[in-house]
Each structure stands twice: as structure tokens, then as C-alpha cells.
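>>> based on what follows, work out the 3D shape:
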Amino acid sequence: MAWFALAAGLYAIAVFVRQPASRALLPIWAGGQCLAALAYVALFFLVVRPVAENTDAPGLIATYLKGAFPQPGQNPIVFFLIGAAKQLINIAGGAAGAIILGLFGSVGLAAWYRSGDSRWVMVTGIYLTAIGAYAKFFPFGMSRHSVLIGLLSLAAAGAGIDALGQVWRGARVAVTGVLVTLAIFNSVPDVHNIDLDFWQKDRWERAWVLVDEAVPAGSTLLADGEATDMLRHRFMPRDQRRVGTRNPRTVIYKGQLVTTVARGDWAIISTPVIEAAIQETSGSVWLIDTGFNVDALKSRQLELGIATVVDEPGVLYLGRLR
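This is a model prediction of the structure:
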């Protein structure tokens, strides 16, 4: 949203410069920008910094967001073209739709520029996002985190479809129909399109029976943020599930408090953070991972010295540390 807002701000400045009559709105617009800046500052201290303190950024870039940041030695132009293509694929729902959006987006940009329409400035958001990726500040590519930038691409493509509509009246309906059809029947694979088999209740119940049998009363159970949320929904009364969600000591299992290692995912939580949580515990220690992506903790078995006890793919993983 920050990159989108910055692109919108540049567009507003272009309008003020090119349309003197609009300058009467300048004081109101400037006041809004100041309020937005204060909101960003507040969000940084209340949300961004606490999350960043519990997140291993290099690990995140190397795993979960691999490909959304330039790799060492990668040509900047190649990275930008690949990222822009991925963004189009994400917003169109597939490669075929991305090609159509790219073609019409190019036509739309040219139409805006030739007619002197200031809206072409909005597309600078795409370039700003790429620059943010080079600064290791923001992902660029096939990511829901940058979907608003994809909407800028849609705006340009819409202008291109309108340009064709001036020649062929049925262009808007025809092209939109093709894009929607492709998005439905030719969707791009995505790890977040969760297989329904992963959410079958009997698989979860079967896995949890094994956990109950394996973990003795009074043991220490360590969980990442996502696992804690799922455990909270299993063990806490419905009216208390959303109370104190940032308090790691709200879930009790077999008389022992479940300790949240960090609010992130096992895949991105740094080893020192995990080791520090382990050192604060006593007795037998168990590490649990739940959800559709339970391979994160499993992949760190050798690194952390975990003995696998329960491994239900896509549902639950439980390992004993000591």
C-alpha cells in the first residue's frame, strides 16, 4: 500500500502541475498526506518493528520469498522483467492472461502518454516496488503482498482495452470475458491454494490422538506463531480465542503453558531465537508445527536435533528435542 500511495501521490502532483484549477485542493491534499505519514509512523512502531524483531529477514528472503528479491549477480533488467511478468501472472491468475494484460497494458500506457493523460505516472509504482526489492525492503513478483501494484497494471490494461473499443465496440466485453475465463480454467499453481485434503477434520483428529499419546503431562511444548493460533482455537473457549492474541502464554496443554517461540513461521525463525526459547525450558521439550505447510520444522531436524514423533503431511508435525 505504501508504494501504491507513493505512486498515487506522484500522480496527484502531476495533476496539480498540469491543471491549475485543481490547486484549490492542494491544502486538503497536503493535510491528508501528513495524516497518512503519521499513520505509517504509528504502524511502523506498533506492527512492523515488533514483527521484524522476531523475524530472520535473510532467512525469509532465502526461503518463503525466494525469487521476490534479486539474487547476487542477477541482471537488474532481467530481474525487473521477470518480476513484472510474475506480478501480471499473479493478478491475471495465469500466464495466458498475463500475456493479454501485458499487451493491452503497453497499449494503454502509450495511449495515456500520447494524449497527455497524467495517469501514466501511476504506473511508476511498479518501478518503485522493484527498487524496493533491490533495497531488500519489499518483495517484487508473484506475491499477494504487492497485489495493489498489480491493480495499476490492470488500470493500464483497461486503458488499452478502451483504445481497442474505439475501433471495435465489443472489445470491452470480449477481452474481459476471455480474461475471466482464463483466470477460472487456467489458474497458476500457488502454495496458498490449499489442497482441501489438508483440512479434513479426521486427519487432524487422528494426528492429535498421536500427540496426546506421545507427550506426557507437564512437558514443555514449543510452537511458532501459526501453530499457537491453531492450538488456541482447539483448547481455548470460543469467546476467549481472540483475547490477548499476542500473549504467548494463553494456551495450556496437559497442565503446561505452550510457549510461542516467535510470531513468525518455523521456516523463518532464526536458530538463535529457537535456542534461546529452548534454554528457558526444563524437562522434556517438544516442538510442534501445524497447518498446510508443516515441512518447515521437519526440514530442520538435523540442525536442531529433533526426533520425529508425529508426521501427518499437511496437517501436523511433532518432534521431541529432549
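>>> where does the stretch 51-200 of the chain dip in pLDDT?
By pLDDT under 70, the weakly predicted segments of the stretch 51-200 of the chain are 54-56, 59, 63-64, 187-199.
>>> tell me which stretches of it form helices.
With helices called from DSSP state H, counting those that start in this stretch, the stretch 51-200 of the chain shows them at 57-62, 76-92, 95-115, 124-134, 147-165, 171-185.
>>> and the ones you listed: which comes nearest P20?
Across the helices of the stretch 51-200 of the chain, P20 has its closest neighbour in helix 95-115 (19.1 Å, CB to CB). Using the backbone N, CA and C atoms, a C-beta is placed for each residue, glycine as well.
>>> what does the closest one contact?
Helix 95-115 is contacted by residues 85, 88-89, 91-92, 117, 119-120, 123, 153-164, 175, 178-179, 182-183, 186, 188 when judged by CB atoms under 8 Å, 6 or more residues apart in numbering.
>>> counting neighbours, what do you get for G9?
Neighbours of G9 under the rule other CB atoms under 10 Å: 15.
>>> should've said A214
Counted with other CB under 10 Å, A214 comes out at 13.
>>> circling back to that earlier point, out of the helices of the stretch 51-200 of the chain, flag the one nearest A68.
helix 124-134 (6.6 Å).
>>> so that closest one versus helix 95-115, what angle?
Inter-element angle recorded for helix 124-134 and helix 95-115: 120 degrees (by axes from the mean of the first three to the mean of the last three CA atoms, to 10 degrees).
>>> re earlier: of the helices of the stretch 51-200 of the chain, which approaches I269 most closely?
I269 sits nearest to helix 57-62 of all the helices of the stretch 51-200 of the chain, at 7.9 Å, using CB to CB.
>>> can you list contacts of the closest one?
By CB under 8 Å, 6+ apart, the residues outside helix 57-62 that reach it are A68, F69, K136, A267, I268, I269, S270.
>>> most neighbours among the residues you listed, please name it.
Within the contacts of helix 57-62, neighbour counts (other CB under 10 Å) peak at I269, which reaches 24 neighbours.
>>> what's the closest non-adjacent residue to that residue?
In this structure, I269 finds its nearest non-sequential neighbour in A262, 4.7 Å apart by CB to CB, 6 or more residues apart in numbering.
>>> what's the neighbour count on that neighbour?
A262: 23 neighbours (other CB under 10 Å).
>>> can you give me phi and psi for it?
Main-chain dihedrals, A262, degrees, to the nearest 10: phi -160, psi 160.
>>> that one against T271, yeah?
No - between A262 and T271 there is no contact under CB atoms under 8 Å: 11.7 Å.
>>> helices or strands up against the helix or strand hosting Y11?
When elements are assigned from DSSP states H and E, Y11 belongs to helix 2-18. Helices and strands touching helix 2-18, by 3 or more CB pairs under 8 Å, 6 or more residues apart in numbering; DSSP states H and E, are helix 26-43, helix 124-134, helix 147-165.
>>> and the last one, which residues are buried?
I take that to be helix 147-165. 148-150, 152-154, 156-161, 163-164 (16 or more other CB atoms under 10 Å).
>>> could those residues be laid out in a markdown table, adding distance to V107?
What follows is the buried residues of helix 147-165, written out as a markdown table (distance: CB to CB, whole Å):
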| residue | distance to V107 |
| --- | --- |
| L148 | 22 |
| I149 | 19 |
| G150 | 18 |
| L152 | 15 |
| S153 | 13 |
| L154 | 14 |
| A156 | 9 |
| A157 | 8 |
| G158 | 11 |
| A159 | 8 |
| G160 | 3 |
| I161 | 8 |
| A163 | 6 |
| L164 | 7 |
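>>> export the helices and strands packed on helix 2-18 to a markdown table and tack on distance to M1?
Compiled in a markdown table, the helices and strands packed on helix 2-18 are given as follows (distance: least, CB to CB, whole Å):
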| stretch | distance to M1 |
| --- | --- |
| helix 26-43 | 9 |
| helix 124-134 | 10 |
| helix 147-165 | 6 |
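>>> looking at those helices, spot the one closest to F80.
Closest among those, using CB to CB: helix 124-134, at 4.9 Å.
>>> hmm, P72 and F79 touching each other?
No - using CB under 8 Å, F79 is not in contact with P72; the gap is 11.3 Å.
>>> tell me which of those two has more neighbours.
Taking neighbours as other CB under 10 Å, F79 and P72 compare with F79 leading, 19 against 4.
>>> how's this structure carved up into domains?
Domains of the chain are assigned by automatic domain parsing as 2-185, 196-320.
>>> next one: the last one to chain centre, how far?
Relative to its chain's centre, domain 196-320 lies at 22 Å (CA atoms, centre = their mean, to the nearest Å).
>>> use 309 as the first number for this chain going forward.
Sure, I'll start numbering at 309, so the last one becomes domain 504-628.
>>> show me the helices in the stretch 509-630 of the chain, by range?
Ranges of helices in the stretch 509-630 of the chain, per DSSP H, counting those that start in this stretch, are 509-522, 533-543, 579-587, 603-606, 609-612.
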